[in-house]
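Novice: Give me coordinates for this.
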Amino acid sequence: MSLNIKIENFEGPFDLLLHLIKKNKMNIYDIKIYEITEQYLQYVNNMRDMDLDVASEFIVIAASLIEIKSKMLLPKTQLNEDDNEDEKDPRKELVDKLLQYKKFKAVAAFLKKREIGLEKMFGKKPEIIEQVNMGTSPEQFLKGITMLDLYRVYSHLMDSYVNKLNNGNVMGREISLDKFKLQDKMLYIREIIQTKPQIRFSVVLKKCSFKIEKVVTFIALLELIKLKIVSVMQYENFDEIYVERIIENEK
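Specialist: As a prediction, the model looks like this:
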């Protein structure tokens, strides 16, 4: 029975080891070195069978795993009281490197996320604001201006202010009637579709000269659809709209 193994793209041998530990649901402080070694070597061999370039760092870690596996198979000697059990564990150095690599990988992912976020920010370039010289004194600024000139400027500003207030008073203005009425456009559409059971909406809009008239005509069409007097069809997005009258609902 052939074994199908999916070859994934790992950044390095430690990335592959972390993947295998997570896949096998192992504790990183208590790695089952026999299983990890077998799966790691199987992965490297499959890379070679697929004519993929195997980096030297993968081979170095493979040799280290085999060495750790050999040490784990040797009979354990009795430890003295002064000896540290962690120092006798051949997996300790590998675990320390994996933990360090895991930290660097998490920091790299965080910085990558920050980089993507900063790409969407645009800063404003510094600019030099020039100071405008308004004169050394008010006397020089008003030099040559008479009281009559000041009065004319003041009168002009007051007239503009009063006209602005009057124009803003809605009650004082005449409100003109709408030139295009919704009811008229509804009647207009119904008259057009009397001759044909189906017509393009662009034909209905041909006699509209103003943009507001086209808007009112479109609203009139929506009202006719709501009243179930006409139905519309559109085969594709932004395509021609076809208007069809509903005969049983005509009055």
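Novice: Least confident secondary structure element in the protein?
Specialist: Of the helices and strands making up the chain, the lowest-confidence element is helix 85-88, at a mean of 58, by mean pLDDT, DSSP states H and E.
Novice: Buried residues in the longest helix along the chain, which are they?
Specialist: Identified as the longest helix of the chain according to DSSP state H is helix 92-118. Under the neighbour-count criterion of 16 or more other Cβ atoms under 10 Å, helix 92-118 has 94, 95, 98, 101 buried. (Each C-beta comes from the backbone N, C-alpha and C, glycine too.)
Novice: and those as CSV, adding distance to residue 26?
Specialist: Rendered in CSV, the data for the buried residues of helix 92-118 read as follows (distance: Cβ to Cβ, whole Å):
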residue, distance to residue 26
94, 13
95, 11
98, 11
101, 16
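Novice: hmm, back to that, elements contacting the longest helix of the chain?
Specialist: With contacts taken as 3 or more Cβ pairs under 8 Å, 6 or more residues apart in numbering; DSSP states H and E, helix 92-118 sits against helix 13-23, helix 56-73.
Novice: and that helix with helix 13-23, angle?
Specialist: Orientation of helix 92-118 against helix 13-23 (axes from the mean of the first three to the mean of the last three Cα atoms, to 10 degrees) gives an angle of 100 degrees.
Novice: chain center to helix 92-118, what's the gap?
Specialist: A distance of 25 Å separates the C-alpha centroid of helix 92-118 from that of its chain, computed with Cα atoms, centre = their mean, to the nearest Å.
Novice: same check, this time on stretch 185-199
Specialist: Here stretch 185-199 is found 45 Å from its chain centre; the criterion is Cα atoms, centre = their mean.
Novice: contact partners of that stretch?
Specialist: Contacts of stretch 185-199 with the rest of the structure, by Cβ atoms under 8 Å, 6 or more residues apart in numbering, involve 203-204, 216-217, 219-221, 223-224, 229-230, 242-245, 247.
Novice: Quick one, which of those are buried?
Specialist: Counted by 16+ other Cβ under 10 Å, the contacts of stretch 185-199 give 204, 216, 217, 220, 221, 223, 224, 229, 230, 243, 245 as buried.
Novice: Nearest to residue 72 among those?
Specialist: The shortest distance between residue 72 and any of the buried ones among the contacts of stretch 185-199, using Cβ to Cβ, involves residue 221 and amounts to 80.9 Å.
Novice: my guess is the closest one meets residue 229, correct?
Specialist: No - with contact taken as Cβ atoms under 8 Å, residue 221 and residue 229 are classed as non-touching, separated by 10.0 Å.
Novice: low-confidence ranges in the stretch 151-251 of the chain?
Specialist: 165-178, 248-251 (pLDDT under 70).
Novice: Would you map the strands across it?
Specialist: Assignment of strands within the stretch 151-251 of the chain using DSSP state E, counting those that start in this stretch yields the ranges 198-200, 230-233, 242-245.
Novice: if we can go back for a sec, mean confidence for the longest helix of the chain?
Specialist: Averaging the model's pLDDT scores along helix 92-118 yields 85.
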